[in-house]
Structures are given as structure tokens and as C-alpha cells.
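Q: my questions are about this predicted structure, shown below with the sequence.
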Amino acid sequence: MAFVTTAEVCDANQDLIRSGELRALRPIFQIYGRRQIFSGPVVTVKVFEDNGLIRQFLEEKGNGRVLVVDGGGSQRCAILGGNPVVQAQNNGWAGIIVNGCIRDVDEINGCDIGVRALASHPIKASKKGLGEQRVPVNIAGTRICDGEWVYADTDGVLVSQTELSV
């Protein structure tokens, strides 16, 4: 998938787009991390201004997965920082998509992982571990389910019900 752009995937899969099996997220995300192109199976987390569950997932082996975090779109604090991103990189996660804010941008930009987030914010989130895991989330106008596939590059982010072969 690294050599096929999201635009080419869309062009080659018009039927999947029409059926809703392939969806594009609205273009609301900033690009962070050294890996601008990434893809993998989705793991979902739903939190609000708390990063305990996020950290818990990123401590696991990623095996090329993409953590999709619905942070409710909050821009009052950062729910992801440099330390968990370094851990995610070291544990083999392909990427992290955050419907919320991150911090430690310079550190994250030095990591070989793909990160998408709404913005950066200096205030850290709480660490109570509140939230839901492996539940459907709605981000950027799109419903995303655990086990679906994400394909991201500098043109945008796609979500597919199944792994695509292009």
C-alpha cells in the first residue's frame, strides 16, 4: 500500500465508495510524525480529556495496527503526548488518529510513526483510564469500527470495511 496513494485507491474503488464500504474522513487533521503514509487494521478507543486507555493500548504490541481515538473533538487539552508515541513506535504501531489534540509535537515529529490530530495543545489530559474500547466511533463525519482498515497519506485518510488489495 505504501506506493499507492489514497487518491488512486479512491479512483480504483468507486463502487466501494458508493456502497459505503470505503469512506474518506473529512479533511480536518494535521499531519505529525515522520511516517506520512501508513495503513493497518483499526483499534478504537473513545475517551474525553483522559488518556489512560490510550496509554494502555500503546503499551501493547501494535503489530502494524492503527489506534483510532475519538477524543470528542476536545481542544481543551492534549490526550496524546510524546512518551506514548515513542512507546507506540517501539511497539510496532503503524499510526494513531486522534479526534482531539496532541502535545510534544517536536518529539512526535521525530518518531517513525504516523499521527493525525486536530491540533496541538500544551495542557495534559487526566489519566483516570475512563472511556470505552473497541466500540464504534464517529470521527470527521465517518463511523469507524474496530477491525476495519485505515489508509492514510498526505491526501487524506480512508476507512475500509476490509483490507484492500490494489
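A: Arrived safely.
Q: I figured residue 77 hits residue 127, correct?
A: No. Applying Cβ atoms under 8 Å, one finds residue 77 not in contact with residue 127, separated by 11.5 Å. Where C-beta positions appear, they are placed from N, C-alpha and C, glycine not excepted.
Q: ok, the two, which is more surrounded?
A: The neighbour comparison of residue 77 against residue 127 (other Cβ atoms under 10 Å) goes to residue 77, with 19 against 12.
Q: give me phi/psi at the more buried one?
A: phi -160, psi 170 (degrees, to the nearest 10).
Q: quick check: the gap between it and residue 85.
A: According to Cβ to Cβ, to the nearest Å, residue 77 and residue 85 sit 16 Å apart.
Q: any idea how far the residue positioned nearest the centre of the chain lies from residue 122?
A: Nearest to the mean C-alpha position of the chain, by Cα atoms, centre = their mean, lies residue 97 at 1.8 Å. For residue 97, the distance to residue 122 equals 21 Å [Cβ to Cβ].
Q: do the same with residue 84
A: 16 Å.
Q: neighbour count: the two, which is higher?
A: Using other Cβ under 10 Å as the criterion, residue 84 and residue 122 rank with residue 84 on top: 24 against 10.
Q: do I have it right that the more buried one meets residue 58?
A: Yes. Residue 84 lies in contact with residue 58 (Cβ under 8 Å); the separation is 4.8 Å.
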